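Structure for this input, please:
(one chain, ligands or ions: 2)
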Amino acid sequence: MHSRFHTAFPALAENLQAALAPLLADADFPAMLSAEQVSTLLNATGMDEDALAFALLPLAAACARTELSHFNVGAIARGISGTWYFGSNMEFLGATMQQTVHAEQSAISHAWQRGEKALASITVNYTPCGHCRQFMNELNSGLTLRINLPGRTPHTLGDYLPDAFGPKDLEIKTLLLDEQDHGFTLSGDALSQAAITAANKSHTPYTQSPSGVAIECRNGRIFSGSYAENAAFNPTLPPLQGALNLMSLAGYDYPDMQRAVLAEKADAPLTQWDATVATLRALGCQNVERVLLD
Ligand SMILES: O=c1ccn([C@H]2C[C@H](O)[C@@H](CO)O2)c(=O)[nH]1
Ligand SMILES: [Zn+2]
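Numbers count the residues shown, from 1 in each chain. Ligands and ions are numbered 1, 2, ... in the order given. As a prediction, the model looks like this:
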């Protein structure tokens, strides 16, 4: 089992530990559960889905990287496909607070990068902050997304975000997790192609500045992240954060990074280049390239 779970795992209910042990024995456990794995866990524990999601939150929170706050938030996003995706917050020493990834963003970006088409619910161990409520209001599930919090009855995003501001105020109809393909041609090596693929699915209805980042680890594994804009602009998730999030959830650490590529347009109104290089440099990765989309 990966060391990130060593403290949280023994505190889980024994029947849950027994059912999870074979999954976590895989060193490459991707911090997600297929519908089939979820039903195995439901049968083994006798829990219902909501109780199981709550029971698993300590494992999601154990994936957090909180070098500033030491406040670990865990989230589990449930896709309409039946797959469950873990998420956890990430803070970056030597960067800026604005680079932080919240656990809810992490779980949502995780689901999106893995090809999930829409979310049914999200379970979190703390009440979502205003920024996360706004981030979630970009999703194609809209205000009907179910939010499950400890000690509260389930409510919808609409309950947690009354009088919501969102994409429709800016007359935007393509929402986060909707299938999108900006159609840029793949070129270059596998890492460049992964960055372009991520840029092709990015959600950028407000500025038309598609971008994607791909990170290559020393063992050859590649993790990519797509840019996810938000109607309120500031809750936007940059592409580097999407890639770092997938990498970290999969159990990799910053020193594992050996190279990164940012794919973006030369003439777009926004650029991710400076922020991407600065954050990667703070994490010890100097080897960053930019490929231009065309
Ligand atoms: O909804 C929330 C609120 C806070 N945090 C994180 C952000 C930061 O890393 C830490 C302290 O705010 O908790 C989340 O992940 N989700
Ligand atoms: Zn938040």
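
from here on, contacts and neighbour counts on C-alpha atoms
OK.

Now do the host helix or strand of Thr279: everything it contacts.
In this assignment (DSSP states H and E), Thr279 forms part of helix 273-282. Around helix 273-282, the neighbours that count as contacts under Cα atoms under 8 Å, 6 or more residues apart in numbering are 92-95, 99, 240, 262, 286, 288, 290.

Selecting buried members of these in PyMOL, what would you type?
With 16 or more other Cα atoms under 10 Å as the criterion, this PyMOL line picks the buried residues out of the contacts of helix 273-282:
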select buried, resi 92+95+99+240+262+286+288+290
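
export the contacts of helix 273-282 to CSV and tack on pLDDT, distance to Leu186 and secondary structure?
Below are the contacts of helix 273-282 laid out as CSV (pLDDT from 0 to 100; distance: Cα to Cα, whole Å; DSSP: H, G, I helix; E, B strand; the rest coil):
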residue, pLDDT, distance to Leu186, secondary structure
Phe92, 98, 31, coil
Leu93, 98, 34, coil
Gly94, 97, 33, coil
Ala95, 97, 31, coil
Gln99, 98, 28, helix
Leu240, 99, 19, helix
Leu262, 98, 13, strand
Gln286, 97, 24, coil
Val288, 98, 18, strand
Arg290, 98, 14, strand
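
Near ligand 1, which residues of this protein are found?
69, 71, 73, 89-91, 102-103, 128-129, 132 (Cα under 6 Å from any ligand atom).

And the helix ranked longest in the chain, what's buried?
Counting by DSSP state H, the longest helix found in the chain is helix 49-61. Neighbour-count burial for helix 49-61 flags 52-54, 56-61 (criterion: 16+ other Cα under 10 Å).

wait, which of those is closest to ligand 1?
Nearest to ligand 1, judged by Cα to the nearest ligand atom, of these is Ala61 at 9.4 Å.

and the closest one, what is it in contact with?
By Cα under 8 Å, 6+ apart, the contact set of Ala61 is 72-75, 87-89.

which ones among those are found in strands?
Here DSSP state E is the test, and the contacts of Ala61 give 74-75, 87-88 as lying in strands.

can you put these in a markdown table and add pLDDT, neighbour count and distance to Thr123?
What follows is the ones in strands among the contacts of Ala61, written out as a markdown table (pLDDT from 0 to 100; neighbours: other Cα atoms under 10 Å; distance: Cα to Cα, whole Å):
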| residue | pLDDT | neighbour count | distance to Thr123 |
| --- | --- | --- | --- |
| Gly74 | 98 | 28 | 8 |
| Ala75 | 98 | 33 | 5 |
| Gly87 | 98 | 38 | 10 |
| Ser88 | 98 | 29 | 12 |
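
Just the closest of those to Pro210, please.
Within these, proximity to Pro210 (Cα to Cα) peaks at Gly87, which comes in at 23.7 Å.

list the contacts for the closest one?
Residues in contact with Gly87 (Cα under 8 Å, 6+ apart) are 60-61, 63, 74-77, 103-108, 110, 249.

mind checking the end-to-end distance for stretch 130-149?
Stretch 130-149 has its terminal residues 15 Å apart, counting by Cα to Cα, to the nearest Å.

neighbouring contacts of it?
Contacts with stretch 130-149, where a contact means Cα under 8 Å, 6+ apart, come from 50, 102, 104-105, 118-127, 154-158, 160-161, 164-167, 174-178, 230-232, 235-236.

Flag every buried residue along it.
By neighbour count on 16+ other Cα under 10 Å, the buried set for stretch 130-149 is 131-149.

Distance-wise, check the closest residue in space to Thr127 that isn't next to it in sequence relative to ligand 2.
Nearest residue to Thr127 in three dimensions, chain neighbours excluded: Leu149, at 6.5 Å (Cα to Cα, 6 or more residues apart in numbering). Distance of Leu149 to ligand 2, given as Cα to the ion, to the nearest Å: 13 Å.

again with Pro128
5 Å.

what's the pLDDT at the closest residue to that residue other than its chain neighbours?
Leaving aside its chain neighbours, Pro128 sits nearest to Glu104 (7.5 Å; criterion: Cα to Cα, 6+ apart). With respect to pLDDT, Glu104 scores 98.

now do the one 10 residues further on
Predicted confidence (pLDDT) at Arg114: the value is 98.

could you pull out the helices for this protein?
Secondary structure of the chain (DSSP H): helices at 14-24, 35-45, 49-61, 103-113, 130-136, 157-160, 190-200, 239-249, 273-282.
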